[in-house]
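K.L.:
please work out how this folds:
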Amino acid sequence: MSALRRTRSAVDDGPSTWVTAAVVSGAFVALLYVVELADVIADHRLDRLGVEPRSADGLWGILFAPVLHGSWTHLEANTVPALVLGFLVLFSGIAKGLEATAVIWVVGGVGVWLVAPTNSIHLGASVLIFGWLVYLMLRGIWTRRVGQIILGIMLFLLYGTLLLGVLPGQPGISWQGHLFGAVGGGLAAWLIRFDE
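P.N.:
Numbering: from 1, shown residues only. Predicted coordinates:
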């Protein structure tokens, strides 16, 4: 085994990557709870920082919407998927996982800002969840790594029906956020190449 291989293996597959991925994904979800608590204390005024389509002030929502939630129930529904998928995205490489998250975050927010109905506010981590799911399902196609392909298939079998959330139909649900989060995930899978 070459020195380069040992170094990469230690970084990518070692306990420190597991721990770092778990700590970062756990800290992100903890942040979501802190933000929701602050929002409740502020009588839900922070929700106005969500994406408001085609409004100049609504552009700030591209930055803030994924950490805001309409209620505790909304946040609770996003908690387990955010922990699991966030961890899996980060586990194959912290820097690449953060890069994929940034692509999903921006593409999801901009897409919602451009096409969602006016006089609406869109928020929630589901834009990231849908993006992470699609990213994890597709990246094996581009990397041609068997483990990533198997993970993508397993996630499709477990969470594939979740992808129906990109379709319009449920009142009060931002299908636009789900759709453009998924588009961002697909784009991230294509853009971000993992070194072999």
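K.L.:
list the residues that contact I150.
P.N.:
G140 (CB atoms under 8 Å, 6 or more residues apart in numbering). Yep, even glycine has a C-beta here, placed from its N, CA and C like the rest.
K.L.:
send over the helix or strand harbouring it as CSV, restricted to the C-alpha atoms.
P.N.:
Per DSSP states H and E, I150 falls inside helix 146-159. C-alpha atoms of helix 146-159 as CSV (Å, rounded to 0.1, in the frame of the first residue of the first chain):
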residue,chain,number,x,y,z
VAL,A,146,-19.5,0.2,-5.9
GLY,A,147,-20.1,1.2,-2.3
GLN,A,148,-21.7,4.5,-3.3
ILE,A,149,-23.9,2.8,-5.9
ILE,A,150,-25.1,0.2,-3.3
LEU,A,151,-25.8,3.1,-0.8
GLY,A,152,-27.7,5.0,-3.5
ILE,A,153,-29.9,1.9,-4.2
MET,A,154,-30.5,1.3,-0.5
LEU,A,155,-31.5,4.9,0.0
PHE,A,156,-33.8,4.7,-3.0
LEU,A,157,-35.5,1.6,-1.5
LEU,A,158,-35.8,3.2,1.9
TYR,A,159,-36.6,6.8,1.0
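K.L.:
just checking, which helix or strand succeeds that helix along the chain?
P.N.:
Of the helices and strands lying after helix 146-159 in sequence (DSSP H and E), the nearest is helix 175-191.
K.L.:
can you give me the strands in the protein?
P.N.:
Per DSSP state E, the chain carries no strands over any range.
K.L.:
what about L133, how many residues close to it?
P.N.:
Using other CB atoms under 10 Å, L133 has 27 other residues around it.
K.L.:
enumerate every residue touching it.
P.N.:
Shown in contact with L133 (CB under 8 Å, 6+ apart): P81, L85, L155, Y159, L162, L163, A182, G185.
K.L.:
how close does the residue lying closest to the first one once chain neighbours are set aside sit to V89?
P.N.:
Of all residues beyond its chain neighbours, the one nearest P81 is I129 (4.6 Å), with distances taken as CB to CB, 6 or more residues apart in numbering. Distance check for I129 against V89: by CB to CB, to the nearest Å, it reads 10 Å.
K.L.:
and for T20?
P.N.:
Noted for T20: a distance of 12 Å to V89, by CB to CB.
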